[in-house]
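Novice: no FASTA, just this:
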């Protein structure tokens, strides 16, 4: 008989959850990438039934005692890490009454639905009403999660996306960025003023773009026997580690959008495809945090794909698929991919101005959740911060202002910081990687990406949720999160070298 | 409070089953049409978990009392028909011990896996071993199902695919066909000897074939807002009524294979897409039997699409998508689509010789299940019946003989008759339809398919499982299954008119 019966039983429950989540991931991907419109209602009912089943499994009252019993069993280090992650998942699933979860799901669905129409109509006033309910329920959620964890309300939400991260640390990190970013952006723009890039001249047929994207995915090591590339209105990386489903979207006048989007999602995919097989199905085998996941997509999209060596490597592929033209000269492509241009829209932002969008959102959502500001104050705060951080006048433009993202209308507070934390981790990994592989740039330019991926596999992918985030970072790079690497990266790419 | 609490509770259970089945249908479609190979193991585990959940729901011990209590409640006619179907499903799900179901699933998977290799190697001897276990378990299954229903063993298997159909009736029906079919085939071949069709000259690019298929699906009323066409090695119609997923397969040298396959699956799809919305989620809302479903695919593929009026309608579309060539002359296309040519392979068989393949299988699988013959006797029976029915010598060719189908290796006994019952029902519907719409042919040729589909909608699609099969047939066509219509159809198409 096993000497760890409680732990063993827990692993069986989580294996079952893993299989349910597999079903949810595939039908969710299908809904976004394949499903015709009339399938929506039946699909929503089927997905809700599955979500309820998953929730019931996670909130089975027997789990509490089993978790306690497992703590007392003789577990090895791996099992103990797995148990730590089980407990975290269990705590999150059990912190909230089902009535609140349902009310929030419903309010979010309503608000998101209204948002689509009201954003197009630039109607902030109309949006406030459904949004108020979402905020009310998110605050209640934060209050209950905080009570269960001893964290502050915003920290309790942040904990779900970025375990271990706290607002106090974000204040420090983002506060520092605030200090140097506007100056860096200004200097970058000055440096770029003299060398405007040549715009690519389309149209670029979708089939040719797709073939190019597949070729670049292959170059980046995507395993096509364990995943696919399809199309969806909002690109994402879905599916399961054994079968990763990437999507992109195509515009015939702009191949760089689908190409860079595909490279981004390929970064997520390689993490999933390289999670340790022996842990799959258990919480320890899942990718560590949203920020760490984003560090892998940004490793490919920002650190690698916008650097000269990779641009030189990929330029001939672009020409081969889309035909030659002056804009495809590597130096010109590099200019296009590193163009710094403050604009109102986060998803269109370049690498250098992107953090400003995230910091702005963080500085609004945090007091909003803590109850220090009310919805009515959002637009003026938005305008002030946009002026401050990016020198833009966004007054009266709600559509491309505080109504531009879907996140808040869906009640996803605490999510935005992960984007910039991901960029920071990515820069930190590359600083460590460059120490380990000094000739990285020439290897990349020669298409020898093995050493790069070996490092990511050894230090990030294979570690999954083995360590808490700070420890993962220390083991990978010798220190916990250190934003200095991100600043150095931006300085080097956008100011010094040009 | 409801006056029918037991029935109401049952409808909730079946609504839940419907949602679970939705998930199973979508991930099953995905496995066949989308999934890359390395997804297989995790997918199998997830699908098995879902199957177990569905099985547990169907075999919940409380259902027995609830079904009994519902029988005593004041139900309207529709609810009573729904309860009848619930009871049938419940009886099937509860007739077999789970250990037998699992053993058969396992043996079938093993045998099917071995079959792929052994068929290619023409290795009947090697195949007998895994096949013996499948037959043993299928006999045990038949014995238990028979004990639960009072039917004979083969009838008990048949009942799952074709409720109400009995071997005694099949003997009578197929016995009659045996009498006239060889003569009809001989006369058809004689009539066709003088006019060999011109073969289409490929290659036909897949993209062009796909565009043609989509156009023909549109012509046949497929609702693209409630379904899709994709590709898979074994074409099928899957998904859910609200979102039907068709697949086809492409050969660049033969566009008719994918076109006729697509038309066939579109027949299944239109049934699903037109099931009554208000019944969906309950057993009464499901399509009636495999044979009735097949009558809809064959209504389109055989009754309509191989008739001159439709060929004339569709020929310009073929030319528009694949370029003009002499083979696309409507008269020549019609010759191609009505060519009678006995061959060893069922799936390649023409409309006239197809029943011979089905009858042969029926005449072997029935005594096999009843224990009147053993596996060793199959090849010689096969050879004798092939010679008798189609004048072919198949001795020593197991690959294209008794090992050609996947069905038996998967333990699907009682399935084959549905193909020919479907063809017979389709002919019977069209005889009734021609009485109701005397100018059907000229309407079809003019592309006015509305009256045709109105008839199918009113008489078949909208009836779902409202009636037992014989009553459905009587209401639609004035009589229960009458194979004379099928014979008359074949005579008219293949002998008289040419």
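Specialist: On my side now, so go ahead. These figures come from a predicted structure and were not determined experimentally. Numbering: from 1, shown residues only, chains lettered A, B, ... in the order given.

Novice: Which residues of the stretch 101-250 of chain A lie near chain B?
Specialist: Proximity of the stretch 101-250 of chain A to chain B (Cβ under 8 Å from any Cβ of the partner chain) is limited to residues A:223-228, A:239-243. Using the backbone N, CA and C atoms, a C-beta is placed for each residue, glycine as well.

Novice: So which of those residues are in strands?
Specialist: Among these, the residues falling in strands (DSSP state E) are A:227-228, A:239-240, A:243.

Novice: if I look at the residue nearest the centre of chain A, how far off is residue A:474?
Specialist: Nearest to the geometric centre of chain A sits residue A:294, at 4.3 Å (Cα atoms, centre = their mean). As for residue A:294, its distance to residue A:474 is 19 Å (criterion: Cβ to Cβ, to the nearest Å).

Novice: Domain ranges for chain A, per the record?
Specialist: A:5-161, A:206-338+A:419-496 (automatic domain parsing).

Novice: Can you lay out these as a markdown table showing mean pLDDT?
Specialist: Formatted as a markdown table, the domains of chain A follow (pLDDT from 0 to 100):
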| stretch | mean pLDDT |
| --- | --- |
| domain A:5-161 | 95 |
| domain A:206-338+A:419-496 | 97 |
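
Novice: which of these is buried the deepest?
Specialist: Scoring the domains of chain A by mean neighbour count under mean count of other Cβ atoms under 10 Å in any protein chain shown gives domain A:206-338+A:419-496 as the most buried, with a mean of 20.

Novice: First-to-last residue distance for that domain?
Specialist: Domain A:206-338+A:419-496 has an end-to-end distance of 37 Å (criterion: Cα to Cα, to the nearest Å).

Novice: Going by distance to chain B, which of the ones in strands among the residues of the stretch 101-250 of chain A next to chain B wins?
Specialist: Relative to chain B, the closest of these is residue A:243; by Cβ to the nearest Cβ it sits at 3.0 Å.

Novice: give me every residue that touches the closest one.
Specialist: Residue A:243 is in contact with A:26, A:226-228, B:35-36, B:38-39, B:42-43, counting by Cβ atoms under 8 Å, 6 or more residues apart in numbering or on different chains.

Novice: That one and residue A:272: what is the separation?
Specialist: Distance from residue A:243 to residue A:272, by Cβ to Cβ: 9 Å.

Novice: excluding its backbone neighbours, what's nearest residue A:178?
Specialist: In this structure, residue A:178 finds its nearest non-sequential neighbour in residue A:359, 6.2 Å apart by Cβ to Cβ, 6 or more residues apart in numbering or on different chains.

Novice: where's the one helix or strand the one you found maps to relative to the chain centroid, distance-wise?
Specialist: Here residue A:359 sits within helix A:354-370, counting by DSSP states H and E. On the basis of Cα atoms, centre = their mean, to the nearest Å, helix A:354-370 sits 16 Å off its chain's mean C-alpha point.

Novice: cool, and stretch A:470-485?
Specialist: Put simply, stretch A:470-485 sits 19 Å off its chain's centre (Cα atoms, centre = their mean).

Novice: Between the two ends of it, what distance do you get?
Specialist: Distance between the two ends of stretch A:470-485: 16 Å, counting by Cα to Cα.

Novice: With stretch A:219-236 instead?
Specialist: Distance between the two ends of stretch A:219-236: 20 Å, counting by Cα to Cα.

Novice: So what touches it?
Specialist: Residues from elsewhere that reach stretch A:219-236 (Cβ under 8 Å, 6+ apart): A:32-34, A:210, A:213-214, A:217-218, A:239, A:242-250, A:261-267, A:269-270, A:273, A:300, A:313-314, A:317, A:447, A:449, A:453, B:34, B:36-39.

Novice: If we use 6 Å, what do you get?
Specialist: Here stretch A:219-236 makes contact (Cβ atoms under 6 Å, 6 or more residues apart in numbering or on different chains) with A:32-33, A:243-249, A:261, A:266, A:269, A:273, A:453, B:36-38.

Novice: Over to stretch A:418-425?
Specialist: Under Cβ under 6 Å, 6+ apart, the answer for stretch A:418-425 is A:161-162, A:290-291, A:294-295, A:298, A:355, A:358, A:483, A:486.

Novice: Tabulate those residues in CSV, adding columns for secondary structure.
Specialist: Shown next, in CSV, are the contacts of stretch A:418-425 (DSSP: H, G, I helix; E, B strand; the rest coil):
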residue, secondary structure
A:161, helix
A:162, coil
A:290, helix
A:291, helix
A:294, helix
A:295, helix
A:298, helix
A:355, helix
A:358, helix
A:483, coil
A:486, helix
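
Novice: Of those residues, just say which sits nearest to chain B.
Specialist: Chain B lies nearest to residue A:290 out of those, by Cβ to the nearest Cβ, at 22.7 Å.

Novice: I'd like the distance between the residue nearest to that closest one when sequence neighbours are not counted and chain B.
Specialist: Excluding the flanking residues, the one nearest residue A:290 by Cβ to Cβ, 6+ apart is residue A:418, at 3.9 Å. Going from residue A:418 to chain B by Cβ to the nearest Cβ, to the nearest Å gives 26 Å.

Novice: Please identify which helix or strand holds residue A:418.
Specialist: Here residue A:418 sits within helix A:417-436, counting by DSSP H and E.

Novice: Any idea how far apart the tips of stretch A:339-357 sit?
Specialist: End-to-end distance for stretch A:339-357, by Cα to Cα: 17 Å.

Novice: what sits up against it?
Specialist: Identification of contacts with stretch A:339-357 by Cβ under 6 Å, 6+ apart yields A:177, A:185, A:188-189, A:302, A:389-390, A:392, A:394, A:400, A:404, A:420, A:490, A:494.

Novice: hmm, 8 Å instead?
Specialist: The contact list for stretch A:339-357, computed with Cβ under 8 Å, 6+ apart, reads A:174, A:177, A:181-182, A:184-185, A:188-189, A:192, A:197, A:302, A:306, A:338, A:358, A:361, A:386, A:389-392, A:394, A:397, A:400-401, A:404-405, A:419-420, A:423, A:490, A:493-494.
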